[in-house]
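# Let me see the structure of the following:
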Amino acid sequence: MRTVIIGGGVAGCAMAAALRGTGFGENTVMLERRPLGAPSGMGFILMRNGLDALAEIAPELDWRTAGREITRVSLRSRTGRIFAESPLEDAVCVSRTTFLEMLRATVGRTQVLDGWGVRALDREPSGATRAAVLDDGGRVEGDLFLACDGAQSRVRRIVMPDAELGDAAVLEIVSVAESPALAARLGSTFRKYHDEEGGLAVGLLAENDRQVVWFIQIDASRWPIEQPSPEALQRFAVERVAGWAPEILEALDATDFRRSHLWPTRDLLPLPALHVGNLALLGDAAHACLPFTSQGANGALVDAALLGSLLGKVSTRCEIEDALARYSRLRTPHHRRMFIEGRRLRAEFLAPMPVDGPRIPMVI
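Predicted coordinates for the structure are as follows:
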């Protein structure tokens, strides 16, 4: 049986790794639209559920070596006054590039095709998928199709045209600062600074001994950013956090804004199901969530671990849809909860800060 994985990011690579040793892992092709070496984002936090999934998918690797362990969360005012600090167990800040390189090394016999985009699907009248149609008109046929092509998933738009992404009420500027001194001072603490009036926050955390990942979350209705050029992002960031804690200004000074990214954060309204026939959606294609949950990549890893386990028990083509339906039933309640929690955290972020301070921006 042939497996076609559409998308070569976290969800796609994790799915390829999870299929090793199963009948679906012997003849697998993974199609990734971006060329090899294209920018792949800054970083994220591996949480306990993501680490547990990785231990199941690729137990031969120590995933904690992908970044720096985060042991504490410190919530602060914009000037650095501490509202609250809490210990954090089983969390690692990882570089997305480093993490994907490690994950790609675990995909077994999967044929990885970079720069191969999918523009359509050849589907049977029953809804089952026969082939992925490439941008150049070529076809890749298969028995099982796994859509891992992100929040803006083309595949989802084809098989579920009524699915909608929510509005981008919050913008996020994400970047990385080259500052060994600041990385040393941050240590294993994730610091997040909040404007007491709401709608503006800055996060800092070290991903290794040299680099600090930072982000600025912005109420899009109050501060729209029309032009996301490096110069515009730098100007906006410097002006908006003038007078904030000195470590924030230090991070901006150590940033090459040509590597910065503006992310209009959008979530996906819960889907009625995560599969159509012999095709399943995973990761952001299935459940794009807001960054306040810290569950985007972690949720994708859990998707892959679960679906890989279910498909490992499949021996015939007719059993594929049953496995995908079970995956959908098991994961849908979690995705709905992440949607609700993400919206709740976003509403709190946009409102003036409560007297007892902000909540930790993580959900498991």
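
# what residue ranges in the stretch 251-364 of the chain score low on pLDDT?
Filtered on pLDDT under 70, the stretch 251-364 of the chain yields the residue ranges 361-364.

# What segments of the stretch 1-150 of the chain are strands?
3-6, 28-32, 43-46, 67-69, 72-77, 82-87, 92-95, 111-114, 118-123, 129-134, 139-141, 144-147 (DSSP state E, counting those that start in this stretch).

# Now residue 238: which helix or strand?
Residue 238 is part of helix 230-240, with elements assigned from DSSP states H and E.

# what does that helix rub up against?
173, 200, 216, 218, 223, 225-226, 252, 255, 257-258, 260, 262 (CB atoms under 8 Å, 6 or more residues apart in numbering). C-beta: built from backbone N, CA, C; applies to glycine.

# Can you name every helix or strand that the longest helix along the chain contacts?
Ranked by residue count under DSSP state H, the longest helix found in the chain is helix 320-350. Here helix 320-350 touches strand 170-178, strand 275-276, strand 279-281, helix 284-287, helix 296-311, going by 3 or more CB pairs under 8 Å, 6 or more residues apart in numbering; DSSP states H and E.

# picking up where we left off before, tell me which of the strands of the stretch 1-150 of the chain is the most buried.
Ranked by mean neighbour count, the strands of the stretch 1-150 of the chain are led by strand 144-147 with a mean of 30 (mean count of other CB atoms under 10 Å).

# So what are the sheet partners of that one and their directions?
Applying DSSP bridges, strand 144-147 is found paired with strand 3-6 (parallel), strand 279-281 (parallel).

# what's the angle from the helix holding residue 238 to strand 170-178?
Taking axes from the mean of the first three to the mean of the last three CA atoms, to 10 degrees, one finds helix 230-240 and strand 170-178 inclined to each other by 100 degrees.

# Any idea how far the next helix or strand after helix 230-240 is from the middle of the chain?
The helix or strand immediately downstream of helix 230-240 is helix 246-253, counting by DSSP H and E. Distance of helix 246-253 from the chain centroid (CA atoms, centre = their mean, to the nearest Å) equals 26 Å.

# what's the angle between the following helix or strand past helix 246-253 and helix 296-311?
The helix or strand immediately downstream of helix 246-253 is strand 261-265, counting by DSSP H and E. Angle between the axes of strand 261-265 and helix 296-311 is 70 degrees (criterion: the same axes, to 10 degrees).

# list the buried ones in strand 261-265?
Residues 261-263, 265 are the ones in strand 261-265 that count as buried (16 or more other CB atoms under 10 Å).

# want to try CSV for the residues you listed, with distance to residue 133 as columns?
What follows is these, written out as CSV (distance: CB to CB, whole Å):
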residue, distance to residue 133
261, 30
262, 31
263, 29
265, 31
